[in-house]
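Need coordinates for the following:
(one chain, ligands or ions: 1)
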Amino acid sequence: MKPVQIGVIGAGRIGRLHAENLVRRRGVIVKAISDLYPEAAREWASSIGIPHVHVDYQEVLADPAIDAVLICSPTDTHVDVICAAARAGKAIFCEKPVSFDFRQTIDAIASVAHAGVPLQIGFNRRFDPNFRRVKEWVDAGKIGKVHSVKITSRDPSPPSPEYVRSSGGLFVDMTIHDFDMARYLSGSDITEVYAAGGVLIDPAIGEMGDIDTAMISLKFANGAFGMIDNSRKAAYGYDQRVEVFGMDGCITADNDYPSSAQLYDGNGVHREKPKYFFLERYSVSYIQELDEFIAAVRGEGAVPVSGNDGLQAELAAYAARLSLKDGRPVKLEPIAATKGRFAG
Ligand SMILES: NC(=O)c1ccc[n+]([C@@H]2O[C@H](COP(=O)([O-])OP(=O)(O)OC[C@H]3O[C@@H](n4cnc5c(N)ncnc54)[C@H](O)[C@@H]3O)[C@@H](O)[C@H]2O)c1
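Here you go, the predicted model:
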């Protein structure tokens, strides 16, 4: 079978992770990367056998041998790169969120549709084996009609204020995964968001205009309810749990641990903290999401996470910001008709 040839745009944390996963995969060639700082990327690229390093991503897009691109550059570049990649006829995998402005996301989705190329959004947590099993049991009707989804999503330590400034803030950068997980597990769109939040951990995050702690209540189109509990710092480590409750039962998924060993002694029962952070906790999901993207590029099925999935999570994030500011529940439906910007 002809190998799928890939270009990676943005060789930072997530771009390198994806490239390193792909070079180990049979039937895939990572032909080129682009990064604004190619000197830093060159040694790394050559160490894993990527032959071409460019500064300008247009050079990746101009290579007719490249079938697909992974967009792993900062969020504020995504829309321009998506539109250019679509014009170049490349299949596109784009990291979350698509943009800070959902109207631009709508435009990007339209240009992809016009070009007729696949677009997959990087909501990797859908591919976590724990959460996937929860979803399979929900879909198989094991708990009957879904009544509620509860998501606990707490980081082990807060990001730097500089990161907060450029990332778009808690709802757009972090909760965006949870909004998507809520839609995925409930099997329904979010219709209303009511967010409370504040700065309980790091005043520097507050000085950047963001929050570090949030409780978000959701309503879904199918009548179910949801709750997302976010913190930028859990003293006991990365806390990622879900619960789906329904007419006939309840499904839960607990944290993942480096080992299952437990120490019983005179002070109590002890175990290791959960796997450190997203790169460790979700390592399998990053491999699986690209396996399914490559299959879609080969024409073996549709992409498993669509541009609309990206848009719906962004709308929920926008609604959460508005809700926090105004202290009221916010419906998603009218939002798409208003102009919204998450950051800046
Ligand atoms: N799905 C996930 O779990 C996950 C995790 C981390 C980051 N992300 C997302 O991935 C994106 C990148 O995040 P990161 O943490 O890897 O950032 P990063 O800052 O570590 O890396 C970004 C890289 O892109 C390069 N870059 C900047 N502009 C570019 C351009 N025009 N062309 C090519 N390269 C360019 C930078 O030099 C840098 O090396 C963000 O949108 C972020 O939200 C997703």
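
CA only for contacts and neighbour counts going forward, please
Will do.

who are the neighbours in contact with the spatially most central residue of the chain?
The centroid of the chain falls nearest to Phe123 when counting by CA atoms, centre = their mean (3.5 Å). In this structure, Phe123 makes contact with Glu95, Lys96, His177, Asp180, Val305, judged by CA atoms under 8 Å, 6 or more residues apart in numbering.

Hmm, Ala261 and Arg271 touching each other?
Yes. Contact criterion CA atoms under 8 Å: Arg271 and Ala261 qualify, at 6.4 Å.

So between those two, which is more surrounded?
Higher neighbour count among Arg271 and Ala261: Arg271, with 13 against 10, using other CA atoms under 10 Å.

I'd like to know how far the more buried one sits from the ligand.
For Arg271, the distance to the ligand equals 26 Å [CA to the nearest ligand atom, to the nearest Å].

That residue: what's its closest spatial neighbour, skipping adjacent residues?
Spatial nearest neighbour of Arg271, chain neighbours left out: Gln262 (4.7 Å); criterion: CA to CA, 6 or more residues apart in numbering.

So Cys250 belongs to a strand, correct?
Yes. If the criterion is DSSP: H, G, I helix; E, B strand; the rest coil, then Cys250 is within a strand.

who's in contact with Lys233?
Arg154, Asp155, Pro156, Ser157, Pro158, Ile201.

rerun that using 7 Å as the cut-off
Contact partners of Lys233, counting by CA atoms under 7 Å, 6 or more residues apart in numbering, are Arg154, Asp155, Pro156, Ser157, Pro158.

quick one: Val138 is in a helix?
Yes. Looking at Val138 with three-state DSSP, it is inside a helix.

Show the pLDDT at it.
Listed pLDDT for Val138 reads 98.

try the one 3 residues further on
Per-residue confidence for Gly141 comes out at a pLDDT of 98.

next one: phi and psi at it?
phi 80, psi 20 (degrees, to the nearest 10).

roughly how far apart are the residue nearest to the centre of the chain and Ser46?
28 Å (CA to CA, to the nearest Å).

ok, which stretches of the stretch 51-200 of the chain are helices?
Per DSSP state H, counting those that start in this stretch, the stretch 51-200 of the chain carries helices over the ranges 57-61, 78-87, 102-115, 129-139, 161-167, 175-186.

Do you know the pLDDT at the residue in the stretch 101-250 of the chain that the ligand sits nearest to?
Going by CA to the nearest ligand atom, the ligand is nearest to Gly122 of the stretch 101-250 of the chain, at 5.1 Å. pLDDT, Gly122: 98.
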